[in-house]
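Novice: Return a 3D structure for these sequence lines:
(2 chains)
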Amino acid sequence: MIKEKFSEGDSFFHKLDPRVKIIVALFFSVIVAVTDKYTSLSGGLLFAVGAVAVARLRTKEIVSRLLVVNSFIFFLWLMLPFTFPGKNIYTLGSLNISQEGIKYAFLITIKSNSIILAGIALLSTSSIFNLVHALRHLHFPDKLTQLFFFTYRYTQTIHSEYIRLNNAIKIRGFKARTNFHTYRTYAYLVGMMLVRSYDRSKRVYNAMLCRGFKGKFWTLNHFVFKKSELITGIMMISYIIGLVLLP
Amino acid sequence: MHISEGILSAPVLITGVSLTATAVGYGLKKMDYKQMPKVAILSSVFFVASLIHVPLGPSSVHLILNGVTGVLLGWSAFPAILVALALQGVLFQFGGITTLGVNTFNMALPAIICFYLFNRGVRSENNFIVLILAFVCGFLAVLLSGVMVAAALVFTGEPFIQAAKLVIIAHLPVMILEGVLTAFCIGFLRKVRPEILNV
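Specialist: Numbering: from 1, shown residues only, chains lettered A, B, ... in the order given. Just a heads-up that it's a prediction; the model follows:
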């Protein structure tokens, strides 16, 4: 089972309307991604860290997510200071470390972490179903949101199918190594996943047709938009606009 | 092969979003509700495959399988890959909102190219030809994705040229592995359930 680890909780962000959260997350990410001013970016990082704190999530889990993101950033730190043209501040053998390169790598690190943290606080605190539901209300194409629903549902079944097949090959003494046998085994495993889920999807679709599915998903619990949530949304957006206006 | 948030420049991000939006729109238009379950299945398999780590020498890599996705889905590969990457973003924070456009395009365009190149070939009668073409399909899909990731980095700025070269070089073994896996996988589907291969 693939868990939505951050979606459970009763913090402020867990309760906030997902439509507001999606809009704020989108707005925040775009602004942070295109800004190069330190003042704005520090304000952005403050917002992201604050939001995660308010969402009261497990620190250990957040740190492990950040480690994954920063492992890629780490490679940029190994390269950018040497390849970025600018004022030379230190010479390491035949390599020059430029001040601008370090600044640039630092900028990327702040941006990346801010966007990821804001994403955790704003998006991952909702369940996938609620997020997709919100996307429908925000007038995303009907087919796309339906595909989301189906895919998320199948992801769970296919993942448990994978675990089952993986256990089956392990019980038979399979050890993964770098050889043809391993690759063939994994390819057949993926093939088997495809075959089984393909059959299942046909059964599910036929069952849906039997129950009168005509290409439309009906939603039973609608979001009720509260005035306080609108105000919260406007306040967060104004803060983000404020970041851009900073000197 | 995700590009993280905060690295690419605004023009590259905007180009990615607009190209992906157009292609996803076209893909959705061509897909009818009857195909929905199949597209969703392949989208989920694409997602789950990224969680499967296969040993490669001293380290391990996860499967990508965008070649297989492309050959089996055609243009629907665009919405399928978009949805899978969005799920990865929300569930595991691999990639985020602003890079979704670029990352989808980098994965899905090679899938479509593979569809046009190998669509007929992998359904041929000759077993040997199918295996060879499926290998090339898996290999090429990862190669093209790597080249596109590199291009996105280089268009962002000259200093990224080293990083871009490294991305392609680091993916060379992955290309071979994906080629081998794609060949075995298509071969398996041909034997076990040939109707899945019919778009």
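Novice: Tell me where the chain has helices.
Specialist: Because you didn't say which chain, this covers chain A. In chain order, chain A shows helices spanning A:12-15, A:18-34, A:38-55, A:59-83, A:99-122, A:128-137, A:142-171, A:180-210, A:227-245, with DSSP state H as the criterion.
Novice: Switch to chain B, please.
Specialist: Assignment of helices within chain B using DSSP H yields the ranges B:10-30, B:36-49, B:66-73, B:77-92, B:100-118, B:127-156, B:161-192.
Novice: Can you give me the distance of B:I97 to chain A?
Specialist: B:I97 is 4 Å from chain A, where distance means C-beta to the nearest C-beta, to the nearest Å. Any C-beta I mention is one placed from the backbone N, CA and C, and that applies to glycine too.
Novice: was I right about that residue contacting A:F27?
Specialist: No. Between B:I97 and A:F27 no contact is recorded; they are 9.7 Å apart, counting by C-beta atoms under 8 Å.
Novice: Looking at the two, which one has more neighbours?
Specialist: With neighbours defined as other C-beta atoms under 10 Å in any protein chain shown, B:I97 and A:F27 compare such that B:I97 has more, 24 against 17.
Novice: which ones are touching the more buried one?
Specialist: A:25-26, A:29-30, A:115, A:119, B:5, B:89 (C-beta atoms under 8 Å, 6 or more residues apart in numbering or on different chains).
Novice: which one is B:A21 nearest to, not counting chain neighbours?
Specialist: In space, not counting the residues next to it along the chain, B:A21 is nearest to B:G101; the distance is 7.2 Å by C-beta to C-beta, 6 or more residues apart in numbering or on different chains.
Novice: What's the local residue count around that neighbour?
Specialist: Every residue meeting other C-beta under 10 Å relative to B:G101 is counted, giving 23.
Novice: Model confidence score at it, please.
Specialist: B:G101 is assigned a pLDDT of 96 by the prediction.
Novice: cool, A:N221 as well?
Specialist: Confidence at A:N221, expressed as pLDDT, is 68.
Novice: Repeat that for the one 3 residues further on.
Specialist: The score at A:V224 is 78. That number is its pLDDT.
Novice: now do B:F155
Specialist: The predicted local distance difference test score for B:F155 is 95.
Novice: same deal with B:V147?
Specialist: For B:V147, the pLDDT comes out at 96.
Novice: pretty sure it is touching B:I168, no?
Specialist: Yes. With contacts counted by C-beta under 8 Å, B:V147 reaches B:I168, the gap being 6.5 Å.
Novice: Let's see the worst-scoring helix or strand of chain B on mean pLDDT as PDB, backbone CA atoms only.
Specialist: Across the helices and strands of chain B, mean confidence by mean pLDDT, DSSP states H and E is lowest for strand B:59-62: a mean of 88. C-alpha atoms of strand B:59-62 as PDB (Å, rounded to 0.1, in the frame of the first residue of the first chain):
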ATOM      1  CA  SER B  59      24.600   0.600  -7.300                       C
ATOM      2  CA  SER B  60      20.900   0.200  -8.400                       C
ATOM      3  CA  VAL B  61      18.600   2.100 -10.700                       C
ATOM      4  CA  HIS B  62      14.900   2.400 -10.900                       C
END
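Novice: who does that strand touch, helix- and strand-wise?
Specialist: Helices and strands in packing contact with strand B:59-62 are listed as strand B:53-56, helix B:161-192; criterion 3 or more C-beta pairs under 8 Å, 6 or more residues apart in numbering or on different chains; DSSP states H and E.
Novice: Which of the ones you listed sits closest to A:F180?
Specialist: Comparing the helices and strands packed on strand B:59-62 against A:F180 with C-beta to C-beta, the closest turns out to be helix B:161-192 (7.2 Å).
Novice: helices or strands next to that closest one in the packing?
Specialist: Helix B:161-192 sits against helix A:59-83, helix A:180-210, strand B:53-56, strand B:59-62, helix B:66-73, helix B:127-156, with contacts defined as 3+ C-beta pairs under 8 Å, 6+ apart.
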